[in-house]
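1. Sequence and computational prediction follow.
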Amino acid sequence: MASGATSAPEVGKVRYGGVGFDCADPAELGRFYGTALGLPVAASTDDFVLLGREGGTYLAFVRIDDYRPPTWPEGAVPKQAHLELGVDDLDEGQAYLVGLGATAAPWQPEPDRWRVLLDPAGHPFCISTRA
């Protein structure tokens, strides 16, 4: 263990709860991911949507004034995070997600292994048959 590092907490002390994304329209992003992943809306306001099931992990979407989408892979606004989603077939998975409102990123580093898509708010995410 590195100097100054602490040991891992006991199991049950820390759990992964979920991830939240900044966006301009939480309802739109909640609809996209809720439909794509089959997740129900657990809570919502005009500025916030929470997707997930009781006792499971969640995805949250939070309205941010003056939100600017990432300009991936380069540009003034870097991506801060992205999701890795699993699909059975890359072409079918991409077509399904594009039909829900995603767009294919112009640059595809390894399109035979995974695809980079942009959600309706511009966040990049990947699909692969390995996830």
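-> Happy to help now that I have it.
2. State the distance from the spatially most central residue of the chain to residue 45.
-> For the chain, the residue nearest the mean C-alpha position is residue 83 (4.1 Å; C-alpha atoms, centre = their mean). When C-beta to C-beta, to the nearest Å is applied, the distance between residue 83 and residue 45 equals 23 Å. Where you see a C-beta, it was placed from the backbone N, CA and C, and this is true even at glycine.
3. Specify the beta-bridge partners of the nearest residue to residue 123 once chain neighbours are set aside.
-> The shortest distance from residue 123 to any residue that is not its chain neighbour, by C-beta to C-beta, 6 or more residues apart in numbering, is 5.9 Å, and that residue is residue 21. Using DSSP bridges, the beta-bridge partners of residue 21 come out as residue 61.
4. Near residue 21, how many other residues are there?
-> Other residues within reach of residue 21 by the criterion other C-beta atoms under 10 Å amount to 23.
5. what about it, distance to residue 41?
-> Distance of residue 21 to residue 41, computed by C-beta to C-beta: 15 Å.
6. picking that back up, contacting residues around the residue nearest to the centre of the chain?
-> 19, 123, 125-126 (C-beta atoms under 8 Å, 6 or more residues apart in numbering).
7. how about a cut-off of 7 Å?
-> For residue 83, the contacting residues are residue 125, taking C-beta atoms under 7 Å, 6 or more residues apart in numbering as the criterion.
8. isn't residue 127 right next to residue 84, touching?
-> No: the pair residue 127 and residue 84 does not pass the contact test of C-beta atoms under 7 Å, sitting 8.1 Å apart.
9. These two: which is more packed in?
-> Between residue 127 and residue 84, counted using other C-beta under 10 Å, the more crowded position is residue 127 (23 against 11).
10. And the helix or strand where that one lies, what's buried?
-> Residue 127 is part of strand 124-128 when elements are defined by DSSP states H and E. When neighbours are counted by 16 or more other C-beta atoms under 10 Å, the buried residues of strand 124-128 are found to be 124-127.
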